[in-house]
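Participant: Sequence and predicted structure, then a few things I'm wondering about:
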Amino acid sequence: MKVPDTRREEVRDLIHGVEVVDPYRWLEDGASAETRAWIAAQQMYTAPFLKTPARERIHQRLTELMKIEAVGIPIERHDQYFFLRRSIDQQQSVICHRRGLDGPDEVLIDPNAMSPDQNVSLEILDVTPDGALLAYAVRRGGEDEHEIRVLEVASRSPLADVLPRAKYYQNVSWRHDLTGFYYSVWTERESRILFHRLGTYPIDDLEVFREQTASRFLFAYVTDDDATWLSTSFMAPVAAAAMFTSSDSIPMGLLFRS
């Protein structure tokens, strides 16, 4: 069987004086018909090599190795601990909450009940300093895009605030007055940092910063204990920088560049 062809295209970016060649960028669009056809051809080519008498034995052994209890790194807020935990019989990790080091673990959100095939996973993004509100990501099927949701911890009630499926970076930063949070999102054309005020529609979120090239990645996070200053890092293949601003204002000043 012939190895499937992979089309190359002439794509070159000049980033800080360095030319970056990226002939397979078209494959980054996982939803395009051409990319889906390429994946199907690769799977068809690979399938005969995976048909081996040892397949079932390998599958059984890998299943045994993967069925272990896992606990994520906790986030501490006001003597409360928030973390991911997966037991041996669970497909996905649940978000847990514990009051004090010796308190019992309580399940806040269980993604295993969110879909029949249990392909929905969760991630803790940030918790308010008082431990009252939890921002978390909901991802389906391991895809890059996810939703951002908010849970009121005491009542276990989800808020109406749901940021729609998109490519968000893995961080959310609560504003100092807890009226909302900062987050960053990117598309093929740009990266943006926005502020979402609780109780409002995501389409009305305030844009804090925009970068017109998708080759640079933005991460927004609050650095000081009072959440007074918003520090933003800029990371790209050949450079990095950081900027800061008061969380009550919009303009940013450059802190350092490398």
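Facilitator: Thanks, I have the structure now.
Participant: how far is the longest strand seen in the chain from where the chain is centred?
Facilitator: Taking DSSP state E as the criterion, the chain has its longest strand at strand 157-166. With C-alpha atoms, centre = their mean, to the nearest Å as the basis, strand 157-166 stands 14 Å off its chain's centre.
Participant: can I get the CA coordinates of stretch 153-162 in CSV?
Facilitator: The C-alpha trace of stretch 153-162 is given here as CSV (Å, rounded to 0.1, in the frame of the first residue of the first chain):
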residue,chain,number,x,y,z
VAL,A,153,-19.3,26.6,45.3
ALA,A,154,-21.5,26.9,48.4
SER,A,155,-24.8,26.0,46.6
ARG,A,156,-23.1,23.8,43.9
SER,A,157,-25.2,25.9,41.4
PRO,A,158,-23.8,26.8,38.0
LEU,A,159,-24.1,30.5,37.0
ALA,A,160,-25.7,31.5,33.7
ASP,A,161,-22.3,32.7,32.5
VAL,A,162,-21.1,30.3,29.8
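Participant: hang on, the earlier thing: residues making contact with the longest strand of the chain?
Facilitator: When contacts are defined by C-beta atoms under 8 Å, 6 or more residues apart in numbering, strand 157-166 is touched by residues 133, 145-152, 183, 185, 196, 198-200, 202. (C-beta placed from N, C-alpha, C; glycine too.)
Participant: if you set the cut-off to 10 Å instead, what comes out?
Facilitator: 109, 133-140, 143-152, 172, 180-181, 183, 185-187, 194, 196-203, 205 (C-beta atoms under 10 Å, 6 or more residues apart in numbering).
Participant: same deal with stretch 107-123?
Facilitator: So stretch 107-123 is in contact with 72, 82, 84-86, 89-97, 124, 134-143, 146, 148-149, 151, 153, 156, 158, 170, going by C-beta under 10 Å, 6+ apart.
Participant: try 8 Å
Facilitator: Contacts of stretch 107-123 (C-beta under 8 Å, 6+ apart): 82, 84, 90-97, 134, 136-142, 146, 151, 153, 156, 170.
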